[in-house]
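Undergrad: Could you look at this predicted model? Sequence included:
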Amino acid sequence: MAPIGRILIVDDEEPVREVLGEYFATQGYAVETAGSGTDALAVVERERPDLVLLDVVMPEMSGYEVCRAIREDPATAMLPVVMVTALDPAQERIKGLEAGADDFLSKPVHHAELLARVRSLLRIKALHDQLAESNQTLEERVREQVAQLERLGRLKRFFSPQLAELIVSGGADDPLKSHRREVAVVFLDLRGFTAFAETAEPEEVMGVLREYHAEMGSLILSHEGTLERFTGDGMMIFFNDPVPLANPAEQAIRMALAMRERVGDLTVKWRKLGYELEFGVGIAQGYATIGAIGFEGRWDYGAIGTVTNLASRLCGEAKPGQILVSQRLLGKVDELVEVEPVGELTLKGFHRSITAHNILRPKG
């Protein structure tokens with residue numbers, strides 16, 4: 001049977017140590033003994049008892065000095081100490097409490113009373129130990145969460161919030177490792193931006209880009225897209241990675257329609273300032289190789305494949321206000337939107353002509 005606690009009995013009289021030691025041993029406690037203050041402090045450091053029963057009057061080092069030394073050590077500052085003396089209890093009790101004792105008894109000691117006080121102090125110590133352990137666990141969790149938030153904040157500067165959270169939480173197979181997945185890819189840019197940038201002041205160009213990026217960025221996040229990159233007015237977004245979606249094509253179309261409407265509001269303002277800018281989008285669906293692209297210190301999360309090239313070429317062919325989609329993607333959303341055929345397009349990098357459609361509006 002495991003002992004219910006470890007008690008250190010400190011007294012310069014061996015018979016006292018033996019009597020008290022045998023008594024507490026029969027009560028189920030492990031007992032350590034010391035005949036001097038110096039030995040007592042060595043046992044405290046080595047054995048880490050749960051309570052110290054300490055005689056006041058001892059040669060070389062008094063019980064008060066031992067108690068103060070125990071309290072000065074942060075590792076034992078909360079160790080329960082019961083002081084015992086045959087001296088005047090009225091005066092010695094005050095000295096003992098000032099030295100840091102938790103309780104004080106007069107000799108001869110009544111064993112039943114001593115046992116009751118020891119049990120009471122050990123219950124308090126057990127609660128304190130539980131609280132200290134809980135506090136330590138809480139502090140560790142707080143440190144881990146703070147570190148995680150700091151890391152997440154750094155990652156969000158380079159990756160989408162969804163990807164950053166997956167990387168930090170480990171909630172998926174390594175998302176940065178190259179893998180294949182079917183995705184819906186969206187390319188978009190502003191028509192007339194190159195001419196505008198050549199003639200406008202740099203501050204005007206940056207002002208337009210800030211507005212444009214802020215509006216498009218909020219729509220990308222709200223539709224669970226992953227921003228692969230943006231270059232000036234151009235953006236590439238894909239759906240279904242790293243966060244799987246039930247219908248990535250539908251999400252891509254809904255986002256593109258919302259973007260066209262939002263840019264329409266912006267162009268009203270821009271025209272008043274003399275900025276002639278329009279909006280075009282290309283969307284395709286297919287398999288791509290996805291993973292980390294870059295070098296140590298600067299990584300991007302990218303998608304490579306024919307589907308990305310197709311979305312880019314469709315965007316390049318889109319007239320102001322058009323959202324051009326491939327036939328494959330239209331098959332996923334034809335019940336949701338009204339379209340008009342654009343015909344067969346000859347696109348750079350594709351040997352065969354591509355059938356494209358322009359998304360007009362949602363059905364209903």
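TA: Great, that's in hand.

Undergrad: So in the chain, where's the weakest helix or strand by average pLDDT?
TA: The helix or strand of the chain with the poorest confidence is helix 161-169; it has a mean of 67 (mean pLDDT, DSSP states H and E).

Undergrad: Tell me where the stretch 101-250 of the chain has helices.
TA: In the stretch 101-250 of the chain, the helices defined using DSSP state H, counting those that start in this stretch lie at 111-156, 161-169, 193-199, 202-222, 248-272.

Undergrad: Any buried residues in the lengthiest strand in the chain, and which?
TA: Criterion DSSP state E: the longest strand present in the chain is strand 278-295. Under the neighbour-count criterion of 16 or more other Cβ atoms under 10 Å, strand 278-295 has 278-286, 288, 290-293 buried. From N, CA and C alone the C-beta is placed, and that goes for glycine too.

Undergrad: per-residue pLDDT, the residue nearest to F279 when sequence neighbours are not counted?
TA: Once flanking residues are discounted, F279 sits nearest to V263: 4.2 Å by Cβ to Cβ, 6 or more residues apart in numbering. On pLDDT, V263 comes in at 96.

Undergrad: hang on, isn't V263 packed against Y212?
TA: Yes: with contact defined as Cβ atoms under 8 Å, V263 and Y212 form a contacting pair (7.5 Å).

Undergrad: Which residues are in contact with each of those two?
TA: With contacts taken as Cβ atoms under 8 Å, 6 or more residues apart in numbering, V263 and Y212 have L190 as neighbours in common.

Undergrad: that older thread, export the helices of the stretch 101-250 of the chain to CSV and tack on distance to W299 and mean neighbour count?
TA: Conversion of these to CSV gives the following (distance: least, Cβ to Cβ, whole Å; neighbours: other Cβ atoms under 10 Å):
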stretch, distance to W299, mean neighbour count
helix 111-156, 9, 12
helix 161-169, 10, 18
helix 193-199, 27, 14
helix 202-222, 19, 15
helix 248-272, 23, 18
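
Undergrad: hey, least reliable of the ones you listed by pLDDT?
TA: What stands lowest among these, in mean pLDDT terms, is helix 161-169, with a mean of 67.

Undergrad: Now do the strands in the stretch 1-150 of the chain.
TA: Along the stretch 1-150 of the chain, counting by DSSP state E, counting those that start in this stretch, strands occupy 6-10, 30-34, 51-55, 81-85, 103-106.

Undergrad: Out of the ones you listed, which is closest to E228?
TA: E228 lies closest to strand 6-10 among these, at 62.6 Å (Cβ to Cβ).

Undergrad: What mean pLDDT does the closest one get?
TA: pLDDT averaged over strand 6-10 gives 93.

Undergrad: So what touches stretch 38-55?
TA: With Cβ under 8 Å, 6+ apart, stretch 38-55 has contacts from 5-13, 16, 20, 32, 34, 60-61, 63, 66-67, 69-70, 76, 79-85, 101, 114, 118, 121-122, 125.

Undergrad: same deal with stretch 131-143?
TA: With Cβ under 8 Å, 6+ apart, stretch 131-143 has no contacts at all.

Undergrad: Please repeat the previous calculation with a cut-off of 10 Å.
TA: M78 (Cβ atoms under 10 Å, 6 or more residues apart in numbering).

Undergrad: next one: phi and psi at Q322?
TA: Main-chain dihedrals, Q322, degrees, to the nearest 10: phi -90, psi 150.

Undergrad: And for it, nearest residue in space, chain neighbours not counted?
TA: For Q322, the spatially nearest residue (Cβ to Cβ, 6+ apart) is N358, at 4.9 Å.

Undergrad: Now do the one you found, the pLDDT please.
TA: According to the prediction, N358 has pLDDT 97.

Undergrad: Just confirm it is within a strand.
TA: Yes: counting by DSSP: H, G, I helix; E, B strand; the rest coil, N358 is found in a strand.

Undergrad: I'd guessed it sits against G321; true?
TA: Yes: with contact defined as Cβ atoms under 10 Å, N358 counts as touching G321 (8.9 Å).

Undergrad: okay, and the common contacts of those two?
TA: Common neighbours of N358 and G321 (Cβ under 10 Å, 6+ apart) are V281.
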